[in-house]
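Undergrad: Fold the following for me, if possible:
(one chain, ligands or ions: 1)
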Amino acid sequence: MRPTIEYIQDRFDHFNSMCFGGQLPPLPIKLSQARHYLGAIRYKRQRNLLGQVVGCADVALHISICYDLEEQVIEDTILHEMIHYYILVHGLHDTSLHGDIFQKMMNDINRRYGRHISLSHRRTQAENASDQKRRPHYLCVAHLDNGHTCLVVCAKTCIFQFYKKLPRMYDISDWTWYFSPDPYFNRYPVCRTPKLFRIDDPHELSLHLCNATEMECNGRVMKPKKQ
Ligand SMILES: [Zn+2]
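TA: Numbering: from 1, shown residues only. Next up is the predicted model:
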């Protein structure tokens, strides 16, 4: 799933009362397209005339919707950022970004509430973004009636299901199926449920489709299209 602001707000309120004694003040929630992190607490440091940090302003919780993630991962990401937020609003001085205080709170919440908050989300996402291994990708690139360009990387076993169902789910004006081993497509989840992801940069996509093999499909067989 990809979280909405309403969903994140609901989880924030729930975890705030369950795990933080309702001590966290409300803050703006923003969705981002970031590839290198799942969540972040962002703020500006306020300094006095001597340049010393005296506070922070414009604190906001950013959650990336770049990846289609399991709900539990999204919840644990929100909790991870809420620990950062707790440390920030209480002015606690941790030994490092994920220092002793952070890890003690994380371990307490994991133990008491059966969560799986980790330190590694950022690193994992960065690794995904820089995953340069060549893998086989079966993709469908679709243009919708509303002008949007969309894409889905489809599990090989699900191609014909997608072929049948996608046109019933979306107003597709035209579509093309491709095979490509380009690592660029590693950033997309391999889907088993029919869906399309909107592409923000069709030009970038077109550069990576230049070397892709166009496929033809009749609903039962998919093979490289004869040029
Ligand atoms: Zn963190």
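Undergrad: any idea how far Asp200 lies from Asp171?
TA: As for Asp200, its distance to Asp171 is 19 Å (criterion: CB to CB, to the nearest Å). The C-beta positions use only the backbone N, C-alpha and C, and glycine is treated the same way.
Undergrad: likewise Leu50?
TA: 60 Å.
Undergrad: Comparing those two, which residue is more hemmed in?
TA: Asp171 (10 against 6; other CB atoms under 10 Å).
Undergrad: so that one makes contact with Gly147?
TA: No. The criterion here is CB atoms under 8 Å, and Asp171 misses it with Gly147 at 10.7 Å.
Undergrad: Restricting to C-alpha, output stretch 142-154 in CSV.
TA: Extracted C-alpha coordinates of stretch 142-154, given in CSV (Å, rounded to 0.1, in the frame of the first residue of the first chain):
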residue,chain,number,x,y,z
ALA,A,142,0.2,2.8,-20.5
HIS,A,143,-1.0,6.3,-21.5
LEU,A,144,-4.3,7.1,-19.9
ASP,A,145,-7.1,9.2,-21.3
ASN,A,146,-6.3,11.9,-18.6
GLY,A,147,-2.8,12.3,-20.2
HIS,A,148,-0.9,10.5,-17.4
THR,A,149,1.9,8.0,-18.3
CYS,A,150,1.8,4.9,-16.1
LEU,A,151,3.9,1.8,-15.7
VAL,A,152,3.8,-1.5,-13.9
VAL,A,153,6.5,-4.1,-13.6
CYS,A,154,4.6,-7.3,-13.7
